[in-house]
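Participant: Below is the sequence, then the predicted model.
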Amino acid sequence: MVGPDGVPHPAVEEHRRLTQPVVIEPTDLRRGRFRVVNRRCWTDLEDLALSVVLSVDGVEVWWAEPEVGPVPAGGSTELALDLPRPALWEGQEVHLSFGWRLRHSTGWARAGHVVAQDQSECRGSVDDSGAGERWRR
């Protein structure tokens, strides 16, 4: 996974993604509903903090650090976010990015180290009345 010159191959990122301890799956993106899945076998997610960023064309427009609550080893829980509905022009790209960081330093990494990341692309269009957003995955 690392070349003789010490440069990591793309497989390092793939391995990190495949072995991350937690994933977020959208269940109803339009309503801001997600499933948090703990992929660990023996520990809960209490040692991790979640941050969520909503960006439009790569520019951050909203940010939050929601409390997820206890998620036991191998378990899952629902997460509800009160997402803003930014006004969009045709063709703009909207993404929700999730990052899980260590709350406290450990023997292998300092507090704040990112252990998992997920991203969902949101596709939005203004409804016929122009009064709101419809989001679809």
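Facilitator: In hand now; what should we look at?

Participant: Is the most centrally placed residue in the chain in a helix, a strand, or coil?
Facilitator: The residue lying closest to the centre of the chain (C-alpha atoms, centre = their mean) is F98, at 1.9 Å. For F98, the assignment made with DSSP: H, G, I helix; E, B strand; the rest coil gives strand.

Participant: Distance of it relative to W62?
Facilitator: Distance, F98 to W62, by C-beta to C-beta, to the nearest Å: 13 Å. Where C-beta positions appear, they are placed from N, C-alpha and C, glycine not excepted.

Participant: Was I right to think the residue nearest to the centre of the chain contacts L50?
Facilitator: Yes. Applying C-beta atoms under 8 Å, one finds F98 in contact with L50, separated by 6.5 Å.

Participant: what's the longest strand in this structure?
Facilitator: strand 114-126 (DSSP state E).

Participant: where do the helices sit along the protein?
Facilitator: With helices called from DSSP state H, the chain shows them at 10-18.

Participant: Low-confidence regions, it specifically.
Facilitator: Within the chain, the ranges that satisfy pLDDT under 70 run 124-137.

Participant: at 50 what do you get?
Facilitator: Applying pLDDT under 50 to the chain picks out residues 125-137.

Participant: returning to what we had before: partners of the residue nearest to the centre of the chain in the sheet?
Facilitator: V52, D118 (DSSP bridges).
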